[in-house]
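K.L.:
below: sequence and its predicted model.
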Amino acid sequence: MERGVIVLGDGYEARPVSYEIYRDACARLEGRIFGGGWGYTFGPSVKAPVPLGETFQWGLYHGDELIGWHHAHQRDERTIYMADTGLLPEHQGRGLYTRLLPHVLDVYRDAGYTLVTSHHRATNNRVLVPKLRAGFFVQGLNLYEGGLNVALTLSLDEAYRDAMHVRSGLRQASGEAARRLGLGELPEQDSPTPPHLPLPAQAGDGVNLGGGYTLHPVPETVFRAVYAELEAAAYATVSFDWQSPAPLPPLAVPRYAWLVGYAGEVVGWQMSRQWDTRTAYMVNTALLPGHRGRGVYSRLLPTVLEFLRGEGYALVRSHHHATNNAVLIPKLRAGFCLQGMQVDEHGVTAVLVHPFDPAYRAYMDVRSGLARPQGEVARRLGLGD
């Protein structure tokens, strides 16, 4: 695909520009676009910059006005790095980034690249959500002069994309991904057909989630019995087999369980528990395969979050496989933020945190470098009134 003009609708276009024009636009506009961030200022550079290799630039225009840009450059023989995208504040929130992404990704695919990478401040959900929706996966977190960054990678090779799922523990290796991982020819395993399980009599009054779905509080013992029957049909994930019972009893903390109902049957669940003196932990949420992709999880979240807020928690925490965008996207849209990565018996998981206190939410933006400390956050950090 040629690097031609990209029509974005509503009078917006992305026009190919030279690297020099892009740098000139940065010098003139980046203060207005990125001025609210909080980064560290190094002294003068002592080394020459690394050669960029092949570069791609578009100026973003509204009519004849330059209102932003997109710049990417070659990172290695397989990888293109989406280094910089900016829009003037008055043009943000109009879906331009989401509309631009598929076009530039097609250009990078046609140019022969296998991987597309980018870095973004960890609490910048306005960018992370469209990137995840476009197929990028969370690949790590790092501290740098701009703050806390999340690394994203999009694979334009389907086998490598499957291998990323294998690495995270979201799926078992099979087919071409298994072969390239050195595991030989492993056939894909079929998921078992879930049994039809009626909602138990102990289910409390349901909250209407729309589309025929309801959410019912249940005692933990009922939840455990349902989970034991439906777990195999709900998950294709790969966890470490301890091969022995846990040596210690579970923590004696409050637990909260719900079942998702549809047409009188159980089609999913949610379990939360206390994590510490301020935090609730959303331990486990699942929907049976035939009920995914219908927005049930997005509609379930507000009810669970409001309940946990009513129980007095200040924060809600959850862990998800790093490549499980089907869960990460609705969580980020509900106000959760990426706060860490860890490896545990379930694989490589992303740690998300949702604060109910707006001052703490602003504090997370300060820690990531997305915002400067001011007002209440500055006061609580000991930086003055």
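P.N.:
Now that the structure is in, tell me what you want to look at.

K.L.:
when you work out contacts or count neighbours from here on, use the C-alpha atoms and nothing else.
P.N.:
Fine.

K.L.:
excluding sequence neighbours, find me the nearest residue to residue 191.
P.N.:
residue 233 (6.1 Å; Cα to Cα, 6 or more residues apart in numbering).

K.L.:
can you get me a residue count around that neighbour?
P.N.:
16 (other Cα atoms under 10 Å).

K.L.:
pretty sure residue 114 contacts residue 153?
P.N.:
No: between residue 114 and residue 153 there is no contact under Cα atoms under 8 Å: 10.3 Å.

K.L.:
picking that back up, distance check, the residue nearest to residue 191 against residue 222.
P.N.:
Between residue 233 and residue 222 the computed distance is 18 Å (Cα to Cα, to the nearest Å).

K.L.:
also residue 262?
P.N.:
Distance, residue 262 to residue 222, by Cα to Cα: 17 Å.

K.L.:
pLDDT weak spots in the chain?
P.N.:
1-2, 385 (pLDDT under 70).

K.L.:
need the residue closest to the centroid of it.
P.N.:
For the chain, residue 328 is the residue whose C-alpha lies nearest the centre (Cα atoms, centre = their mean; 4.1 Å).

K.L.:
give the helix, strand or coil label for that one.
P.N.:
For residue 328, the assignment made with DSSP: H, G, I helix; E, B strand; the rest coil gives helix.

K.L.:
list the contacts for it?
P.N.:
Each residue near residue 328 by Cα atoms under 8 Å, 6 or more residues apart in numbering is listed here: residue 320.

K.L.:
distance of it relative to residue 346?
P.N.:
According to Cα to Cα, residue 328 stands 16 Å off from residue 346.

K.L.:
same thing with residue 311?
P.N.:
Plainly put, residue 311 is 28 Å away from residue 346 if you go by Cα to Cα.

K.L.:
which residue of these two possesses the greater neighbour count?
P.N.:
Legend: neighbour count by other Cα under 10 Å for residue 311 and residue 346, higher for residue 346 (18 against 10).

K.L.:
OK, contacts around the more buried one?
P.N.:
169, 237-240, 321.

K.L.:
same check, this time on residue 352
P.N.:
Contacts of residue 352 by Cα under 8 Å, 6+ apart are 317-319, 336-340.

K.L.:
three-state assignment of it?
P.N.:
strand.

K.L.:
just checking, what packs against the strand or helix carrying residue 284?
P.N.:
In the assignment (DSSP states H and E), residue 284 maps to strand 279-287. Applying 3 or more Cα pairs under 8 Å, 6 or more residues apart in numbering; DSSP states H and E, we find strand 279-287 packed against strand 265-274, strand 315-321.

K.L.:
now that strand: buried residues?
P.N.:
Under the neighbour-count criterion of 16 or more other Cα atoms under 10 Å, strand 279-287 has 279-283, 285-287 buried.

K.L.:
make a markdown table out of the residues you listed and add distance to residue 218.
P.N.:
As requested, the buried residues of strand 279-287 are exported to a markdown table (distance: Cα to Cα, whole Å):
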| residue | distance to residue 218 |
| --- | --- |
| 279 | 21 |
| 280 | 18 |
| 281 | 17 |
| 282 | 16 |
| 283 | 15 |
| 285 | 14 |
| 286 | 15 |
| 287 | 16 |
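
K.L.:
quick one: which of these is nearest to residue 11?
P.N.:
residue 287 (41.3 Å; Cα to Cα).
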